[in-house]
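>>> sequence and predicted model, in that order:
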Amino acid sequence: GAGVSQSPRYKVAKRGQDVALRCDPISGHVSLFWYQQALGQGPEFLTYFQNEAQLDKSGLPSDRFFAERPEGSVSTLKIQRTQQEDSAVYLCASSSPGVPAFFGQGTRLTVV
Amino acid sequence: DQQVKQNSPSLSVQEGRISILNCDYTNSMFDYFLWYKKYPAEGPTFLISISSIKDKNEDGRFTVFLNKSAKHLSLHIVPSQPGDSAVYFCAASGSGNTGKLIFGQGTTLQVKP
């Protein structure tokens, strides 16, 4: 596609519910990143894939957060047993070597 | 511990004037710096970048200056236009990975007609 596509755009989850957020990167981009952006803050790095390999997951806040990219293209960020502090915008970005990261529009998650 | 700081939450400028957005960082290992612009309900859009081997990079109305000794960078927009009104994020990378970024908190720029 022309850009990074994320779905859904908005998600409301009840506390304790599991959610799955999808990211379609720019075609051909080998690197994919997930970020979390709290209200009034800058994005914070969660995890990074190069093709299907998850090379860095140092930013994942807890073991309730899990990301995968099984075929090196589409990625899913899963949050288990959501809590109110998980409410944020989740941004996906993709890039190729030497190219700045391009971001999707994000998924706004609200946990009630 | 905020490694990238944008100390001005907001800035208001008259159309046609210069906008100067500032950013400070603490990690001397950062070697690549970027500015992103963000409109409401959209993701950040890449604006301009600079490598640590340079002290200036210019692209049209946008110029980024890097002062490594002061660990400071700034974005100049000349002339400012109402369409420039957005949140501007400074970001830094030190791993050679241009996508793993440390972001500042953002500065909201308002350009008044």
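Alright, I've got the coordinates. Numbering: from 1, shown residues only, chains lettered A, B, ... in the order given.

>>> with just CA atoms, put stretch B:36-53 into CSV.
Coordinates of each C-alpha in stretch B:36-53 appear next as CSV, following Å, rounded to 0.1, in the frame of the first residue of the first chain:
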residue,chain,number,x,y,z
TYR,B,36,8.2,14.8,13.0
LYS,B,37,5.0,16.8,12.5
LYS,B,38,1.7,15.5,13.8
TYR,B,39,-1.8,16.7,13.0
PRO,B,40,-4.7,15.6,15.2
ALA,B,41,-5.9,12.1,14.7
GLU,B,42,-3.0,11.3,12.4
GLY,B,43,0.3,9.6,12.9
PRO,B,44,3.6,11.5,13.0
THR,B,45,4.9,12.6,9.6
PHE,B,46,8.6,12.8,8.9
LEU,B,47,9.8,16.3,8.3
ILE,B,48,13.6,16.6,8.3
SER,B,49,16.6,14.9,9.8
ILE,B,50,20.3,15.5,10.5
SER,B,51,23.2,13.3,11.2
SER,B,52,25.6,14.0,14.0
ILE,B,53,28.4,14.6,11.5
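
>>> tell me if it is near chain A.
Yes: shown here: stretch B:36-53 in contact with chain A (Cβ under 8 Å from any Cβ of the partner chain) through B:Tyr36, B:Ala41, B:Glu42, B:Gly43, B:Pro44, B:Thr45, B:Phe46, B:Ser49. C-beta here means a position set from N, CA and C on the backbone, and glycine is covered the same way.

>>> from the residues you listed, which land in strands?
Using DSSP state E, the members of the residues of stretch B:36-53 next to chain A that fall in strands are B:Tyr36, B:Thr45, B:Phe46, B:Ser49.

>>> list the contacts for the residue positioned nearest the centre of chain A?
With distances taken as Cα atoms, centre = their mean, A:Trp34 lies nearest the centre of chain A, 3.6 Å away. By Cβ atoms under 8 Å, 6 or more residues apart in numbering or on different chains, the residues touching A:Trp34 are A:Cys23, A:Phe45, A:Leu46, A:Thr47, A:Tyr48, A:Ala67, A:Ser75, A:Leu77, A:Tyr90, A:Leu91, A:Cys92.

>>> turn these into a markdown table, including neighbour count and distance to chain B.
Output for these, formatted as a markdown table (neighbours: other Cβ atoms under 10 Å in any protein chain shown; distance: Cβ to the nearest Cβ, whole Å):
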| residue | neighbour count | distance to chain B |
| --- | --- | --- |
| A:Cys23 | 27 | 11 |
| A:Phe45 | 21 | 6 |
| A:Leu46 | 21 | 10 |
| A:Thr47 | 23 | 10 |
| A:Tyr48 | 23 | 6 |
| A:Ala67 | 22 | 14 |
| A:Ser75 | 25 | 13 |
| A:Leu77 | 24 | 15 |
| A:Tyr90 | 24 | 11 |
| A:Leu91 | 26 | 6 |
| A:Cys92 | 28 | 8 |
